[in-house]
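J.: Next input, structure requested:
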Amino acid sequence: MPVSFSTKAASRGSWVDAHHHLWDLERHPHYPWLADPQAQAHFGDYRAIQANYTVERYRRDFQRTGLAKSVHCEAGWGGSDSVCETQWLQEVGDRHGLPNGLVVPCRLEQPDNVRQIDRHLQFNRVRGARQLLFKPADMGSGDFAAAAILQDPAWLRGFAELARRQLSFDMQAIAPMMPAVQQLAQRFSDTPIVITHLGLPMDRSEEGLRQWKIGLETVAVCPNVTIKLSGLPMSDWHWTAKSIAPLIDIALNAFGAQRILVGSNFPVDGLHAWGASLIDAYRSCIARLSPDEQHAILCTNAERVYRI
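T.: This is a model prediction of the structure:
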């Protein structure tokens, strides 16, 4: 079982990064997606991030932004044993104070998934799990077989183990998957589910945004579902605060200020954003809210969901 440790609550004016990545390609050179041309076609030229992204560099990217805590989301490590990544990140966190929480990889349909999850839980910064259920190449194909796994008996048995271990689940899902996500959330109401990257509004056409909005509203009825304000530069390489504000408003209307978290998605979002400018833009988009609501989005929601 995970070992809990107390941390001081983030102060007003600071923020908690609910979604970022780190890697040391000299120690663990196992991130095949960094060379995936299909992913780069959607999200940008990865050559700029095909280098070590350490906690020291991460801190530099967000210096003077008020970064207080962070949650590392598994970074698609392709080695034979993903626990190696978790062990390294635990060591980094113990040495540097960041990341405070870890979202680790899982394959819930696999027969040995429980054993693997428990191996990750040797490390007391583990707070959640993630399994990428679709890849960028699936988008636009009309084939959303990823939603089918959410109803697979073996996968569901694995998912049931998360609540028993006090783990949340980071869900990368797009609009056609949201009805299945809603059913999952209702069936497992004790498991926190976190939708990443604002539900990936990749299609910015009028119809694409309409379907995305319906998808968010579909899952927002489930109180155990939260959503991350992250990943927007991936689908809008020339973004501005003005261009992303309407998307954030839609998410706010669906989820409310108590169920939205902020994540940098660095270094990936760093392909199209400076760290400080990104966080400043997110802050400006929620500036109309009350101070308590802003603090919830920037800090306390992530602290609550990930218990950091």
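J.: Surely residue 51 is within a strand?
T.: No - read with DSSP: H, G, I helix; E, B strand; the rest coil, residue 51 is coil and lies in no strand.
J.: how near is it to residue 270?
T.: For residue 51, the distance to residue 270 equals 12 Å [Cβ to Cβ, to the nearest Å]. Glycine gets a C-beta too; all of them are placed from N, C-alpha and C.
J.: Common neighbours of those two, please.
T.: Counting by Cβ atoms under 8 Å, 6 or more residues apart in numbering, residue 51 and residue 270 have no contacts in common.
J.: Tell me where the model's unsure across this protein.
T.: 1-7, 135-145 (pLDDT under 70).
J.: What segments of it are strands?
T.: 15-20, 67-73, 101-105, 126-130, 168-171, 193-195, 225-229, 260-262 (DSSP state E).
J.: which one of residue 51 and residue 270 has more residues nearby?
T.: residue 270 (21 against 13; other Cβ atoms under 10 Å).
J.: how about the helices in the chain?
T.: 37-43, 55-61, 83-96, 113-120, 146-149, 153-164, 178-187, 206-220, 232-235, 241-255, 275-285, 291-295, 301-306 (DSSP state H).
J.: Double-check residue 287 against residue 298; I have them as touching.
T.: No - using Cβ atoms under 8 Å, residue 287 is not in contact with residue 298, being 11.2 Å away.
J.: Between these two, point out the one with more neighbours.
T.: residue 298 (27 against 9).
J.: if we can go back for a sec, reformat the strands of the chain into TSV and put distance to residue 305 and mean neighbour count next to each item.
T.: Listed next are the strands of the chain as TSV, based on distance: least, Cβ to Cβ, whole Å; neighbours: other Cβ atoms under 10 Å:
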stretch	distance to residue 305	mean neighbour count
strand 15-20	8	28
strand 67-73	9	25
strand 101-105	9	25
strand 126-130	8	23
strand 168-171	6	24
strand 193-195	6	27
strand 225-229	6	25
strand 260-262	7	25
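J.: so which of those gets nearest residue 116?
T.: strand 101-105 (8.8 Å; Cβ to Cβ).
J.: returning to what we had before: export the strands of the chain to a markdown table and append columns for distance to residue 88.
T.: As requested, the strands of the chain are arranged in a markdown table below (distance: least, Cβ to Cβ, whole Å):
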| stretch | distance to residue 88 |
| --- | --- |
| strand 15-20 | 15 |
| strand 67-73 | 10 |
| strand 101-105 | 10 |
| strand 126-130 | 13 |
| strand 168-171 | 19 |
| strand 193-195 | 23 |
| strand 225-229 | 23 |
| strand 260-262 | 24 |
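J.: ok, back up a step: now the helices of the chain in a markdown table, with mean neighbour count?
T.: Below are those laid out as a markdown table (neighbours: other Cβ atoms under 10 Å):
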| stretch | mean neighbour count |
| --- | --- |
| helix 37-43 | 15 |
| helix 55-61 | 17 |
| helix 83-96 | 17 |
| helix 113-120 | 17 |
| helix 146-149 | 17 |
| helix 153-164 | 16 |
| helix 178-187 | 19 |
| helix 206-220 | 17 |
| helix 232-235 | 22 |
| helix 241-255 | 17 |
| helix 275-285 | 19 |
| helix 291-295 | 15 |
| helix 301-306 | 23 |
